[in-house]
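K.L.:
return a 3D structure for these sequence lines:
(2 chains)
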Number of protein chains: 2
Amino acid sequence: MPELRKDPVVGRWVIISTERGKRPSDFGRFETPRREGFCPFCPGNESKTPPEVYADRDPGTPRDGPGWHVRVVSNKFPALQIEGELRRRGEGMYDKMNGVGAHEVIVETTQHELETSELPIEQLERVILALRERMSDLAKDKRFRYIQVFKNHGEAAGASLEHGHTQLIATPIIPRRVVEEIHGCTQHFEQKERCIFCDIVDQEMDTSTRIVCQNEDFIVLEPFAARFPFETWVLPRLHEPFFEMMPRSSVHTLALIFREMLVRMNIALNRPPYNYVLHTAPSNDWEQPHHYHWHIELMPKLTKVAGFEWGTGFYINPTPPEEAAAYLREVVLPPAPIQTPGGQDRPVVPVR
Amino acid sequence: MPELRKDPVVGRWVIISTERGKRPSDFGRFETPRREGFCPFCPGNESKTPPEVYADRDPGTPRDGPGWHVRVVSNKFPALQIEGELRRRGEGMYDKMNGVGAHEVIVETTQHELETSELPIEQLERVILALRERMSDLAKDKRFRYIQVFKNHGEAAGASLEHGHTQLIATPIIPRRVVEEIHGCTQHFEQKERCIFCDIVDQEMDTSTRIVCQNEDFIVLEPFAARFPFETWVLPRLHEPFFEMMPRSSVHTLALIFREMLVRMNIALNRPPYNYVLHTAPSNDWEQPHHYHWHIELMPKLTKVAGFEWGTGFYINPTPPEEAAAYLREVVLPPAPIQTPGGQDRPVVPVR
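P.N.:
Predicted coordinates for the structure are as follows:
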C-alpha cells in the first residue's frame, strides 16, 4: 500500500511508493526507451489493460472488447490504491495515511498516432464527457477530496505511453496548490464580493494583450504572472466553480477552443512535449468552493526547471506572456478538418 | 529591466524577462548543445566574464587575472538587474515591480573538469567561505530580502556551463517556499517553544533509518516526506537560523559531510545531474527568523516532473526515503584523497 506523508514544516503531502521502491539502478538516465510494436491502448488489446470502468462504445459491443470510442481503465501501475481505509496515523512527530485513491487512464481515441489536437471535435467532446462522467462517479466516494485530471504528452513531459491518453488521480486530501487557489479566491471574495477569476477574465478582455483566442463560452490567455514560457490557460467566461457542472452546450465550445489552443501551440512551437491540468473546485467540499472558477492550465515543456525554482518556488520566465500571446495569435491556422459525418465540426477561426 | 509579477490568486511572484523575450524558435527542444573549447571560467579567460566582485586569490595577483582559487562574478545574463529602484506598482488588479536584484556566479575551482565532490576539502572550504562573504555583503543592500544560493549540475538539471560553479540570486521579496517554511517553524515554535528542524534532527537520530551519514556538527538524511527519489538534506545538529553565522570550525565539518554526501550519491546513482539549494533565514528580517534552522537540500534529477505534480504541488516519489538512505549508507567509499600539502584533509569515514 503506498503511503501519503506530510512534510512537517510546510504541510505538503507526498505519495511514497512503499511496495517495491525504485532502486538506484532503475534510474537509467540517458536511455529514453522507445516503445515499439505492442500498445495496450489500441483496439483489440483491451484484455491487456485492467477492466474498463467506463467506455463510450457502440451499442451491442462487449465490455473490454473493441467497439469503443473512448475507454477508461484503472492505471496498471497506480500511484494510489483503490481498496482500503485511510488509517490516518502518526510516526513520532510525522503524519501519514494509507495511499488510498483512484488512478485512471482515459484513452482518448482508438487511433494510436493521433495527438489530442488532431482529434475530430466530436471525439474531443467524447473525451470531455468521459471525464465529466468519471469525476461525477468518483465524487460519490467519500474518501476522496479531490480529483486531479492531467495529461502528459511526450517523454520530456513524463509520458510513458505514446497512444493519446489523459489521466486522473482521486486523492484523499485536497492538493496544496488547489487549497492555495481556493484560499486566494476566498480572500478576494471577502474583500470585493467578486470571483477573482471573473475579474481576471474582465481585465484581460479589456486589455486583450494576453488573449490568444476566444469563443462564446471560453477565453484562452497567457496569464499575467506565467511561470513558464507559453503557459496558457483556458477559462470559462461565465463563473462556474465545477468542471462537472459545465452546461452540455459548453462541451462543444470547449472542444473547439481547446483544439484551437493546441493547434496554435503545436504550430508556433513545433509540437512540443506538454502537460495540462484541470483545476476545479473539490467535489466533496460544498462550503467554500462557490468562489472558485474552474480552468485548464497548459504548460509546454520548453525549459528545464533548475535549482533556483526548486529552492524558492520562484520561477524565471524568459518569454513575456504578452509576446507569447502575440506569437500564438499570429499563427496561421490550417484549413478546418473535413467535417466528420454526423459530427458538429466547424472551422477554427482566429479572433484577431 | 526584468519585471517581478505577482500571481493575483496564489500570491506567487515570478521573474519575467522583458528585455528580449525568448522567441518560439529559441526553444530548440532536441539539441543539447555541447560546449567545447572555450570556457569563460577557466584561468586566463578572466576578461571574458563581468569583473569579479570577490576572489580568494594568491597575494599580489591582480584582480581579474589568474592567481585565484575561487572567483565570484556577476552573471553575464542575469535574471535580475543590480541597478535601479523597485518601483512597486499596479497594472489594473495586478501587482508588479522592477526586477532588481543580484545574480552572481561562484566559480568553485580553476580546474575545469572537477565536479564539486572531487574538490579537495580545503577548496570546498574556500567555496563555503566565499558564499558566506557574498551573502554578508549583499545583506547590507536593503533592497534585498533574500539570498538564494543554488547549484545546477548537468544539463538535465539546467546547467548551461560545465565548469563547476554555484550561483546566487538576491531577490527583493522573500520567496514563497521560504515564507512557508518560516511560517511552519513559527507555528511549531508557538505550540511547543522548540525549533521544528531541531525536533526533526532529534527524531531522525533516534530512529536512524533515514540517516545517511553524520559528523560532530551535521547530519545528512533523507527527509520523511521526500518529494524526489534520493532527495537528501544536510542539517546542522545545533540550532542556527543563519548560514552566514556558522562558526568557523563548522566550515571544515560542513565541507567534509557535503563531499561525503555527493560522493555517496555519485557512486550509488552513477553521477546523476543534480540541483542543490541552501535554505537560510532571510538576511534582512530580524523578527521571526530565530525559529528557522538553515539547511541544504540536494535533489538528484532522476525522474521527470509531470502534469500531476505541476497541477497539484503533490509529488509522487517512487523510492521510499528509508530505502534511499540504506542504499546511500551501503556505498563503499573510495580511499580518502591524497592530503593536499597544507590542507586539512582527513579520510571520509562512513558512520555505520
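K.L.:
tell me the helices in chain A, going along the chain?
P.N.:
In chain A, the segments counted as helices under DSSP state H are A:121-138, A:176-192, A:196-207, A:248-269, A:307-312, A:321-330.
K.L.:
which strand residues bridge A:Trp13?
P.N.:
Note on A:Trp13: beta-bridge partners A:Lys6, judged by DSSP bridges.
K.L.:
that one contacts A:Glu3, correct?
P.N.:
No. With contact defined as C-beta atoms under 8 Å, A:Trp13 and A:Glu3 do not form a contacting pair (10.1 Å). Using the backbone N, CA and C atoms, a C-beta is placed for each residue, glycine as well.
K.L.:
please identify which of the two sits among more neighbours.
P.N.:
In this comparison of A:Trp13 against A:Glu3, neighbours counted by other C-beta atoms under 10 Å in any protein chain shown, the higher total goes to A:Trp13 at 23 against 17.
K.L.:
the more buried one: what's it in contact with?
P.N.:
A:Trp13 sits next to A:4-7, A:173, A:175-176, B:225, B:314 when contact means C-beta atoms under 8 Å, 6 or more residues apart in numbering or on different chains.
K.L.:
anything in the helix or strand of chain A with the lowest mean pLDDT near chain B?
P.N.:
In chain A, the helix or strand scored least confidently by mean pLDDT, DSSP states H and E is helix A:307-312, which has a mean of 75. Yes. Looking at helix A:307-312 against chain B by C-beta under 8 Å from any C-beta of the partner chain, the contacts come from A:307-308, A:310-312.
K.L.:
and the contacts of A:Trp13, which is closest to A:Thr232?
P.N.:
Checking these against A:Thr232 with C-beta to C-beta, the nearest one is A:Pro175 at 20.9 Å.
K.L.:
how near is the closest one to chain B?
P.N.:
Distance, A:Pro175 to chain B, by C-beta to the nearest C-beta, to the nearest Å: 3 Å.
K.L.:
do A:Gln148 as well
P.N.:
Distance, A:Gln148 to chain B, using C-beta to the nearest C-beta: 5 Å.
K.L.:
tell me the contacts of that residue?
P.N.:
Residues near A:Gln148 by C-beta under 8 Å, 6+ apart: A:168-171, A:175, A:277-278, B:308, B:311-312, B:314.
K.L.:
10 Å - rerun?
P.N.:
A:101, A:103, A:167-171, A:174-175, A:177-178, A:277-280, B:307-308, B:311-312, B:314 (C-beta atoms under 10 Å, 6 or more residues apart in numbering or on different chains).
K.L.:
now swap in A:Glu118 and tell me
P.N.:
Taking C-beta under 10 Å, 6+ apart as the criterion, A:Glu118 is in contact with A:109, A:111, A:164, A:259, A:262-263, A:266, A:337.
K.L.:
tell me where the model's unsure across the stretch 51-200 of chain A.
P.N.:
Applying pLDDT under 70 to the stretch 51-200 of chain A flags no residue at all.
K.L.:
give me the residue from it nearest chain B.
P.N.:
Closest contact between the stretch 51-200 of chain A and chain B, by C-beta to the nearest C-beta, is at A:Gly158 (2.8 Å).
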